[in-house]
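[1] this one's sequence-less:
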């Protein structure tokens, strides 16, 4: 029990030059009981700013792509316009596993702002390359995407594939037989594949 008059109200103050400088605030609590014994605790709390892009801003980002009607070339042209993009450092959530997940234009476009975004990035590029979904499906999860592509005869396992520029390539980072990641092949030879990837 406590008396309201004995309580003081702490204030939270954040000093920053820009929103990009704000990623967490520190909360300090000090309590004193009726006998005068005191204790204190401090913790850092994530501080997110819900800044998002508009459709017109991400469409401007792809406006330099040169589309020729050749799907692989068009896909790469759009993918190159996105080089250097990073998920937001200021607009994020902390997921149930305690991982920080930043907002992306690809998630916003797909309808899943804070999810892993490699497949949504590739889907976004397919969309803005004007490749019809009826010809090539879109998906947000790599493993599910492989199933959709397999059903249409558009997927080949690694030991049967001859990767070409503009192909999608799926990665199994955990060596468990399931795809965890997807990228777009930029170039390939007998020794190496170069890719353009999101969330990488």
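    The structure has been received and is ready for your questions. All values derive from a computational prediction rather than experimental measurement. Numbering: from 1, shown residues only.

[2] and residue 38, what pLDDT?
    Among the per-residue scores, residue 38 holds a pLDDT of 88.

[3] ok, what's across the strand from it?
    Beta-bridge partners recorded for residue 38 (DSSP bridges): residue 32.

[4] next up, the contacts around it.
    30-32 (C-beta atoms under 8 Å, 6 or more residues apart in numbering). For every residue, glycine as well, the C-beta is placed using N, CA and C.

[5] sec struct for the residue of the chain positioned farthest from its centre, please.
    In the chain, the residue that sits farthest from the middle, by C-alpha atoms, centre = their mean, is residue 35; the gap is 51.6 Å. At residue 35 the chain is in coil, as set by DSSP: H, G, I helix; E, B strand; the rest coil.

[6] pull the contacting residues for it.
    Contacts for residue 35 (C-beta under 8 Å, 6+ apart) come out as none.

[7] list the contacts of the nearest residue to residue 121 once chain neighbours are set aside.
    Sequence neighbours aside, residue 198 is the residue nearest to residue 121 in space, at 2.6 Å (criterion: C-beta to C-beta, 6 or more residues apart in numbering). By C-beta under 8 Å, 6+ apart, residue 198 lies in contact with 82, 85, 104, 106, 117-118, 120-122.

[8] mind running it again at 7 Å?
    The contact partners of residue 198, by C-beta atoms under 7 Å, 6 or more residues apart in numbering, come to 106, 117-118, 121-122.
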